[in-house]
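Enquirer: I would like the atomic coordinates for the input below:
(2 chains)
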Amino acid sequence: MLSKERFAWVWLTALAVVFALYFTYLAVYADAVAAMHMGQRIGLLALALGSLGIIAGLTYLLGRQREEDGSPTPTDERDRRIESRASVYAYYVLMAGIIIVGCVMPFLAGGWTLVHATLLAIAAAEFVHSGLIIHGYRRGVRV
Amino acid sequence: MSEARVTNQIRTLRFLAGEMTQADLGKRVGVTRQTIAAIEAGKYSPTLECAFRIAEVFGKPLVEVFGWER
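Expert: Below you'll find the predicted structure:
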């Protein structure tokens, strides 16, 4: 398995686990979370995002693929096409999410609801991005 | 429009070229071994430039290496 595909798998799993834990915690302990100071709530969010950052960093550092001579595996046209296709669809998802969060939701909600909706939009775009990268390496990309 | 796909003779040509490895071919063409494997398996359609480079390595015209199947 190429390091890029491995990274996509880990990132997809990490996103699912971290956001599931974060939003489950918010739902289950809604009263306790509502009573938190702003700093504590920001700290909770930072914990979730920080753990994602650490997972991404470690996966990147440990999973870098090497050639026999020790040099990093170069990116070629197939990698670029897979990345490009994934980025295009992820961009559409992100734009749709941001339009909803930025143009519709301010009339319906505010504060942390907007923050969480933004996070979900970003997570959805990242999900699509990683999913399409995995799909590209597994099932192939044809014209 | 019916489903069409790019076919290729790379596996045969590698065999005829003294069992040239995918890594070897990839190095000469400028792509990774995995990309050559994906092209051989029909999971990736190479760019025109890459296709010409592959044909050049085997000393064959493009149409003898790649085909178009409906």
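Enquirer: residues contacting the residue of chain B found nearest chain A?
Expert: Distances between chain B and chain A by Cβ to the nearest Cβ are smallest at B:Lys43, namely 2.7 Å. (Each C-beta comes from the backbone N, C-alpha and C, glycine too.) Neighbouring residues of B:Lys43 by Cβ atoms under 8 Å, 6 or more residues apart in numbering or on different chains: A:Arg139, A:Gly140, A:Val141, A:Arg142.
Enquirer: dump those into JSON lines; add pLDDT and distance to chain B as well.
Expert: Below are the contacts of B:Lys43 laid out as JSON lines (pLDDT from 0 to 100; distance: Cβ to the nearest Cβ, whole Å):
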{"residue": "A:Arg139", "pLDDT": "87", "distance to chain B": "7"}
{"residue": "A:Gly140", "pLDDT": "84", "distance to chain B": "3"}
{"residue": "A:Val141", "pLDDT": "81", "distance to chain B": "6"}
{"residue": "A:Arg142", "pLDDT": "71", "distance to chain B": "5"}
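Enquirer: inside strands: which ones of those?
Expert: If you go by DSSP state E, the contacts of B:Lys43 have nothing in strands.
Enquirer: show me where pLDDT drops low in chain A?
Expert: Chain A contains residues with pLDDT under 70 at A:1, A:65-72, A:143.
Enquirer: got the residues of it near chain B?
Expert: A:2, A:73-74, A:76-79, A:81, A:139-143 (Cβ under 8 Å from any Cβ of the partner chain).
Enquirer: buried ones only from the contacts of B:Lys43, please, as a ChimeraX command.
Expert: Filtering the contacts of B:Lys43 down to the buried ones (16 or more other Cβ atoms under 10 Å in any protein chain shown) takes a single ChimeraX command:
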select /A:140,141
